[in-house]
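J.: Here is the input, now give the coordinates:
(chains A and B)
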Amino acid sequence: MTVLAVAEHRRGELRDVSHELAGAGRELADATDSELHLAVVSGDAASFGDELVREGVDAVHTVDYGEEFNHDVYVQAVEQLADGLEPDYLLLPHTVNGLDYAPAVAERLGLPIVTDAVGMDADGALEVTREMYGSKVETTIEVESERAVVTLRPAEWPQPPKGGDAPVEPFDASIDESAVRSTVTGFEEVAGGDVDISEADVLVSVGRGIEEEDNLDIVWDLAEALDATVSASRPVVDSGWLPKNRQVGQSGKVVTPDVYIAIGISGAVQHVAGMKGADTVIAINTDPNAPIFDIADYGIVDDLFDVVPALTEQFGG
Amino acid sequence: MKVLVTVTDVAVVDDEFEIDGLDVDDRYLSYELNEWDDYAVEEAVQIAEDGADVEVVTVTVGPERSEETIRKALAKGADRAVRVWDDAIAGRDLLDAETKAELLAAVAREEDPDLILSGVQSGDDSFAATGVTLAEKLGEEWAAVVNHFELEEGVASVHRELEGGVEELTDVELPAVLTIQTGINEPRYASLRGIRQAQNKPLDVQTLGDLGLDESALETPLRWTATYEPEAEGEATVFEGGVDETAGELAAVLREAGVGQ
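T.: Now for the predicted structure:
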């Protein structure tokens, strides 16, 4: 039996999730007495292939076609790899690009797909753990078929140690160019500007709990009193109340300040991905079950409209 | 031109809740228009306002309850709505992305839109796979996680929001399914006039049979087997008491860390 995991790269670099897929793939392969194969499609496939060789990897397949991710190429290449290797489980990343091809691969192969897995148990039928309702509950989904596509949440599985001697073999995929009906024309950096929140020592970060744009004043006042920089979670930026360069999280910036004060931020996984490296995390939120308290060092469960001005006052603001 | 928008009413869980069987007890759930779909509806309505002769149709898989949400989309400017429901669907615990896409595809084949807009994901089960599965079932192009797009002759030029403040610029051939990311626009509030008009807009209910499907369309090897509250991982020191007290204690922590000196 075989587990096949497909790596992800962008602009010349393999992304971390590729090795995490190998870590998860090895666990699943051990539980199902399978071989773990990895594949990488496009870019400098041969050198990515060498990088993918780690402990526990049995073989690496490289598809040399084009530079960057293109979903029409990926769908064809992965379909052909799956036809050739007949994996029981196909592990793909739950990333923006993973979302752009994994469902199509599953559909084309006629396989069920379970997305955004945070855990897998293959002692018997495959049971996938995932979250619902913004991480408020965990659920398990059992896969009753023998084969399935599972997309894995980044940063949930360990990367295997370097080493190993898996063969790296070119895979000859025949890409039908007439079926490539999308073209990647370029990339754009969108989080530039005058402020670099990733350089700040102290961040006062504001989320959906602030409710209205006018209410941001109390956050600016606190930041001024603390000589801190203001950042935000996604909903505040989506609403246009703060610019994109202030956004902390998966689609914004990754920050590692000494102190991170999360105000009215629930702590969705996409946000936490951008700030879990902070030394000290302080959370102010009315919901005692908000996931932000799982990673906070200090917290106040109370109305931010009371707490924030009171805190500002403590610093003479 | 016709734009089809997939619209879901999602369950939102109260801060305090209990689990009953496989799901959160209904007493702690309220329902609202899925946030991502709100942006997709707005995008479709803006296309209709900018162009001549554009029809915006919403499609929902949901029980009668969801008509309240559907009317909201109509009040914001969609022209008419299709709601798919059936006793056979009501009997299911889990409506996985493939099954949902199968139902939506049947509607899309009847409507034959030039463009389909879908939210990136729903706020409750967050599969984030329905739109792309739908495109593949229809044999159409797609782009996932779109935060800007422009339509030209037969092509959608899209920006896909990648991780880390980077956008990918891609051209996809139409017809296509675009999954819409939050922040792409500023969704409007429905006007009183819009709310009144929505009451008279067509809302067509379709069963499996109406769509030429039978219960085999609902078959899936996926079973929802358990739901539980995750163990709290946190070791946060939570300050308790009145706000002056808690703010004072927090201030001491901050001073200790060298903040605000």
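
J.: Before we move on, what's the pLDDT of residue 196?
T.: No chain specified, so I'll use chain A. Turning to residue A:196, the model gives it a pLDDT of 92.

J.: my question was about chain B
T.: Per-residue confidence at residue B:196 stands at 97 (pLDDT).

J.: Give me the three-state assignment for it.
T.: Look at residue B:196: counting by DSSP: H, G, I helix; E, B strand; the rest coil, its state is helix.

J.: ditto for residue A:25
T.: Look at residue A:25: counting by three-state DSSP, its state is helix.

J.: wait, doesn't it sit right on residue A:38?
T.: Yes. Using CB atoms under 8 Å, residue A:25 makes contact with residue A:38 at a distance of 7.3 Å. Any C-beta I mention is one placed from the backbone N, CA and C, and that applies to glycine too.

J.: Pull up the overlap in contacts between the two.
T.: Both residue A:25 and residue A:38 are contacted by A:4, A:5, under the criterion CB atoms under 8 Å, 6 or more residues apart in numbering or on different chains.

J.: Any idea how many residues pack against the closest residue to residue A:188 other than its chain neighbours?
T.: Spatial nearest neighbour of residue A:188, chain neighbours left out: residue B:167 (4.6 Å); criterion: CB to CB, 6 or more residues apart in numbering or on different chains. Other residues lying near residue B:167 total 21 when counted by other CB atoms under 10 Å in any protein chain shown.

J.: Buried ones in the helix or strand hosting residue B:167, by neighbour count?
T.: Residue B:167 belongs to strand B:166-173 when assigned by DSSP states H and E. The neighbour-count check on strand B:166-173 (16 or more other CB atoms under 10 Å in any protein chain shown) flags B:166, B:167, B:168, B:170, B:171, B:172 as buried.

J.: With stretch A:66-76 instead?
T.: Neighbour counts over stretch A:66-76 (16+ other CB under 10 Å) mark A:66, A:68, A:69, A:70, A:71, A:72, A:73, A:74, A:75, A:76 as buried.

J.: Does it reach chain B?
T.: Yes. Legend: contact between stretch A:66-76 and chain B by CB under 8 Å from any CB of the partner chain is shown at A:68, A:69, A:71, A:72.

J.: List the contacts of the nearest residue to the third one once chain neighbours are set aside.
T.: Among residues not flanking residue A:71 along the chain, residue A:101 sits closest, at 4.3 Å (CB to CB, 6+ apart). Contacts were defined as CB under 8 Å, 6+ apart; by that measure residue A:101 touches A:71, A:74, A:75, A:78, A:92, B:132.

J.: rerun at 6 Å
T.: The contact partners of residue A:101, taken as CB atoms under 6 Å, 6 or more residues apart in numbering or on different chains, are A:71, A:74, A:75.

J.: Tabulate these (a markdown table), appending secondary structure and pLDDT.
T.: Listed next are the contacts of residue A:101 as a markdown table, based on DSSP: H, G, I helix; E, B strand; the rest coil; pLDDT from 0 to 100:
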| residue | secondary structure | pLDDT |
| --- | --- | --- |
| A:71 | helix | 98 |
| A:74 | helix | 98 |
| A:75 | helix | 98 |
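
J.: how much space between residue A:101 and residue A:182?
T.: Using CB to CB, to the nearest Å, residue A:101 is found at 11 Å from residue A:182.

J.: swap that for residue A:226, please
T.: 47 Å.

J.: quick check, nearest of the buried residues of strand B:166-173 to residue A:4?
T.: Closest approach to residue A:4 among the buried residues of strand B:166-173 (CB to CB): residue B:168, at 24.9 Å.

J.: Contact partners for that closest one?
T.: Listed by CB under 6 Å, 6+ apart, the contact set of residue B:168 reads A:184, A:187, B:160, B:162.

J.: which of those tops the neighbour count?
T.: residue B:160 leads the contacts of residue B:168 on contacts (other CB under 10 Å) with 28 neighbours.

J.: who's the closest residue to that one other than its chain neighbours bridged to?
T.: Leaving aside its chain neighbours, residue B:160 sits nearest to residue B:168 (4.4 Å; criterion: CB to CB, 6+ apart). Taking DSSP bridges as the rule, residue B:168 bridges to residue A:187, residue B:160.

J.: tally of neighbours for the closest residue to residue A:290 other than its chain neighbours?
T.: Distances taken as CB to CB, 6+ apart place residue A:266 nearest to residue A:290, at 4.6 Å, with adjacent residues excluded. Other residues near residue A:266 come to 23 when the count uses other CB under 10 Å.

J.: do the same with residue A:179
T.: Neighbour count of residue A:179, defined by other CB under 10 Å: 10.
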